[in-house]
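Colleague: Sequence and predicted structure below; questions after.
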Amino acid sequence: MAWSRGIAAVLAVLALGGCGGIAGQASPQLGAQPGPAKPPPDRDGGAVFTAMRQLDACALMDGPGMAAAGLPANSRPTPTAPHSCSFTVDRLLDDSVEVVTGSDWSSGAAYIEAPLTIAGAKAYRYDNSSAGHSDCTIDIPVSFGMAVQVRSRAGYQSRTNSCAQAKTAAATVIGKLGNPDAVTVPASRPLANWDGCSLLTRALGDLDPKKVKLEHSDSLAPLDGCLARPADSKDVSDKVGQVDLKYGSDPLSGANRKPEPVGDKTANVFDGGNFCDVSWGLGPSGSPEKLNDTTVVDVKMKDCDSAKALAVKIQKVLAGPAPSGDKPQRPLLYGPDDPDSVGVGACLDFSVHDGNCVPYRPFTLPASFADWFPETDTQPSIGCAIAVDAVKAVFGDTFAPVVWGQHCFFVEPTHALTITIDVATVYAPARYGSDPSLYSNIRTTTVSGKQAKTFTDTVRGAKPGEPAYGEYDVYVSPSDNINQPGMIAGLIKADRPRGSGSSGDVKPDISRLKDLDQVMAKIIAKYVP
């Protein structure tokens, strides 16, 4: 099988073929694996959507839970959008806790965030802190696509431990989510019975899902924003429509405003050249802060004529009844062992979530190298079969094999290390790692008596004290000649452990990458004559 670097971009589907048997009957191919397991069922999307829209983000932490989360007695809940709320911890140091209902959630989020159990419910932590700044998020999934989010932020001079504060706040939120009917949004909360995508869908009329893709657009309160794009467009600025509902300052106040009559409202129209923003106020929001005291509707399009036309349609929809929705999802929380994403088994710890990952099912290799090696070009599970004992002996039982595309991967729950094993008859080891601008530490060596090539990648822009590489490769020639076709190859990649954030101070730990040498030595010694 061909080695393909940059696995996240590969969309190859595992080929499970058969070979001809006696009298034309197909016989199982050596190492053939079952197809991808059927994922667990998700909750009803409409019921979850209704439940999120009905929740009062402020009530989820207001009351005794505020003191438990370290909030001062005079802290006031400040609605910042129909479905988000901010609590001030320290105004001078810019410390705050935010609660958002209906935040986007996915298998990808579960992969990069660290799982934990809080007050008996499943949750995930993402620590995006860096030097002098603390920022931590707790996601509480309520379906495969939505979560309630708690975020703690601390200013640069603050000593607040954001993750400790976020976990404490999340415990209060989880306690209240156990009885969601007691924390429904009040009728007085402006636009709380709306959500961005329901509003945009009504304004644009019937949308063909094959032609138009809807997605949440507001980073603070995703439920309150919606962006409609052409399904086949690759231009990220191409919009069928975009609307955001928020509590902000009066769009007509301040400098550089351009008030215009739009429909039955006076709106601020900002022409940015390649986009146009039309925003107007709908009256007081009820929020106690000056910066959030106005209910604001914001429409964005590529040009102002389109933006104003969409704004008029949205005004007409808002003059009518809000969506009633389905019966709300109950319960909302997941228990520690409940499935909350489409992944199955060890595929939960694999980085690609396209439905084609298969947990490896063991099988017995023929005793003779000549009987199994030719099959490797079409059967990536053979890589798992020859490596499983060696990987566990060197790296431990937490590593589990999965098959995806044309490779065998060994994954583990922290996601700090991933091992790839690839076997092929048609590719020569010498061809890999040859570009010195991309690879470093290139060596020709031997592994268990067979000629091999080893190298690392190169981390561009690495600062002093940071790892200069994050991958280590070992390509072994079974024929003892790296210029001849045929290879058994291993790659090990280090990454930040899940939950540590992309801009944090935690760096990948490369201290065990060279232990791949032990794995490859065991494989070659055991399986190659």
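Modeller: Received, thanks.
Colleague: Tell me where the model's unsure across the stretch 1-150 of the chain.
Modeller: 1-28, 64-66, 68-74, 90-94, 131-133 (pLDDT under 70).
Colleague: now do 90
Modeller: For the stretch 1-150 of the chain, applying pLDDT under 90 flags the ranges 1-39, 61-78, 87-97, 127-135.
Colleague: What segments of it are helices?
Modeller: 45-54, 64-68, 107-112 (DSSP state H, counting those that start in this stretch).
Colleague: ditto for the chain
Modeller: Using DSSP state H, the helices of the chain run over 45-54, 64-68, 107-112, 162-177, 196-204, 304-318, 369-372, 381-395, 516-527.
Colleague: returning to what we had before: so of the helices of the stretch 1-150 of the chain, which one's packed in deepest?
Modeller: Mean neighbours per residue, mean count of other CB atoms under 10 Å, is largest over these for helix 45-54, with a mean of 20. From N, CA and C alone the C-beta is placed, and that goes for glycine too.
Colleague: Please name every helix or strand in contact with it.
Modeller: strand 95-104, strand 146-154 (3 or more CB pairs under 8 Å, 6 or more residues apart in numbering; DSSP states H and E).
Colleague: Thought F455 was touching Y439, still the case?
Modeller: Yes: the criterion here is CB atoms under 8 Å, and Y439 meets it with F455 at 4.6 Å.
Colleague: the more surrounded of those two?
Modeller: Using other CB atoms under 10 Å, the more surrounded residue of Y439 and F455 is F455, with 22 against 17.
Colleague: where's that one relative to A123, distance?
Modeller: 40 Å (CB to CB, to the nearest Å).
Colleague: and if you look at T80?
Modeller: Counting by CB to CB, the gap from T80 to A123 is 22 Å.
Colleague: cool, and E375?
Modeller: 44 Å.
Colleague: Ok, P497 next?
Modeller: For P497 relative to A123 (CB to CB), the value is 17 Å.
Colleague: Kindly report the same for S368.
Modeller: 51 Å.
Colleague: Those two: which has the busier surroundings?
Modeller: Counted by other CB under 10 Å, S368 and A123 do not tie: A123 has more neighbours, with 28 against 9.
Colleague: Can you report how many residues lie near the spatially closest residue to that one that is not a sequence neighbour?
Modeller: In space, and not counting its chain neighbours, A123 is closest to I140: 5.0 Å by CB to CB, 6 or more residues apart in numbering. Per other CB under 10 Å, the neighbour tally for I140 reads 27.
Colleague: Same question for D42.
Modeller: Neighbour tally, D42, other CB under 10 Å: 14.
Colleague: isn't it right up against S143?
Modeller: Yes: contact criterion CB under 8 Å: D42 and S143 qualify, at 6.0 Å.
Colleague: okay, and the common contacts of these two?
Modeller: By CB atoms under 8 Å, 6 or more residues apart in numbering, D42 and S143 have no common neighbours.
Colleague: ok, back up a step: can you tell which of the helices of the stretch 1-150 of the chain is closest to I174?
Modeller: helix 64-68 (10.1 Å; CB to CB).
Colleague: now the helices of the stretch 1-150 of the chain in JSON lines, with distance to T445?
Modeller: Listed next are those as JSON lines, based on distance: least, CB to CB, whole Å:
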{"stretch": "helix 45-54", "distance to T445": "54"}
{"stretch": "helix 64-68", "distance to T445": "58"}
{"stretch": "helix 107-112", "distance to T445": "34"}
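Colleague: which one of the ones you listed lies closest to A231?
Modeller: With CB to CB as the measure, helix 45-54 is the member of the helices of the stretch 1-150 of the chain nearest A231 (18.5 Å).
Colleague: Would you tell me which of the helices and strands packed on helix 45-54 gets closest to S511?
Modeller: Once those are compared by CB to CB, strand 146-154 is nearest, at 30.8 Å.
Colleague: Any regions of the stretch 251-400 of the chain where pLDDT drops low?
Modeller: Short version for the stretch 251-400 of the chain, where the test is pLDDT under 90: 254-256, 272-275, 286-291, 302, 322-326, 342-343, 353-355.
Colleague: Okay, strands next: where are they in it?
Modeller: 259-262, 265-271, 276-284, 294-301, 358-359, 400-404 (DSSP state E, counting those that start in this stretch).
Colleague: what angle separates the fourth one from helix 304-318?
Modeller: Spelled out, that is strand 294-301. If you take axes from the mean of the first three to the mean of the last three CA atoms, to 10 degrees, strand 294-301 sits at 130 degrees to helix 304-318.
Colleague: Can you tell me the strand partners of strand 294-301 and which way each runs?
Modeller: strand 241-248 (antiparallel), strand 276-284 (antiparallel) (DSSP bridges).
Colleague: circling back: can you put the strands of the stretch 251-400 of the chain in JSON lines and add mean neighbour count and distance to S351?
Modeller: Below are these laid out as JSON lines (neighbours: other CB atoms under 10 Å; distance: least, CB to CB, whole Å):
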{"stretch": "strand 259-262", "mean neighbour count": "14", "distance to S351": "46"}
{"stretch": "strand 265-271", "mean neighbour count": "18", "distance to S351": "40"}
{"stretch": "strand 276-284", "mean neighbour count": "19", "distance to S351": "37"}
{"stretch": "strand 294-301", "mean neighbour count": "23", "distance to S351": "33"}
{"stretch": "strand 358-359", "mean neighbour count": "22", "distance to S351": "15"}
{"stretch": "strand 400-404", "mean neighbour count": "24", "distance to S351": "9"}
